[in-house]
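**Q** predicted model and sequence below, questions to follow.
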Amino acid sequence: MNRKQRRAMSKALKKTKVDHNALETKLGLFDMIPDDCVICHAPFDKTNKEMVKTWNVAVRQKEKIVRVYCPTCWTKTRNLLNDLGVDVDGKQTKRKN
Ligand SMILES: [Zn+2]
């Protein structure tokens with residue numbers, strides 16, 4: 001392993017840790033994250049940073065409910081909610097044109 005590779009690797013490891021912590025800190029509900037998609041029940045690994053990045057974790061702080069959506073189901077759900085005029089991201093959806 002050369003220096004460049006080692007650097008890239010330590011950078012990647014560092015990033016993993018940060019992502020994990022960010023999720024945990026942000027949600028405070030890490031243990032409550034389900035391990036499958038709420039819709040199609042595709043398995044979700046919350047320790048897999050790629051999955052954490054691409055899957056959508058929806059938290060209802062009040063009810064302490066955590067739901068995960070795989071990218072496919074999330075896109076569908078999002079489109080459906082957008083069609084219904086629901087504010088999915090907590091911010092106004094900007095429509096082009
Ligand atoms: Zn799904």
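**A** Sure thing, it's come through.
**Q** hmm, stretch 77-90 touching the ion?
**A** No - in terms of C-beta under 5 Å from the ion, no part of stretch 77-90 sits within range of the ion; the closest distance is 9.0 Å. All C-beta atoms are positioned from the backbone trio N, CA, C, and that covers glycine.
**Q** next one: that stretch to chain centre, how far?
**A** The chain centroid and the centroid of stretch 77-90 are separated by 17 Å under C-alpha atoms, centre = their mean, to the nearest Å.
**Q** next, the residue nearest in space to the middle of the chain: phi, psi?
**A** When C-alpha atoms, centre = their mean is applied to the chain, the residue found nearest the centroid is Asn56 (3.7 Å). Phi and psi for Asn56, reported as degrees, to the nearest 10, are phi -110, psi 130.
**Q** tell me what it is bridged to.
**A** Here Asn56 shows beta-bridge partners Tyr69, assigned using DSSP bridges.
**Q** looks like it contacts Trp74 (just checking).
**A** Yes - between Asn56 and Trp74 a contact is recorded at 4.2 Å, counting by C-beta atoms under 8 Å.
**Q** what does this protein put close to the ion?
**A** Within the chain, the residues that sit near the ion (C-beta under 5 Å from the ion) are Cys37, Ile39, Cys40, Ala42, Cys70, Cys73.
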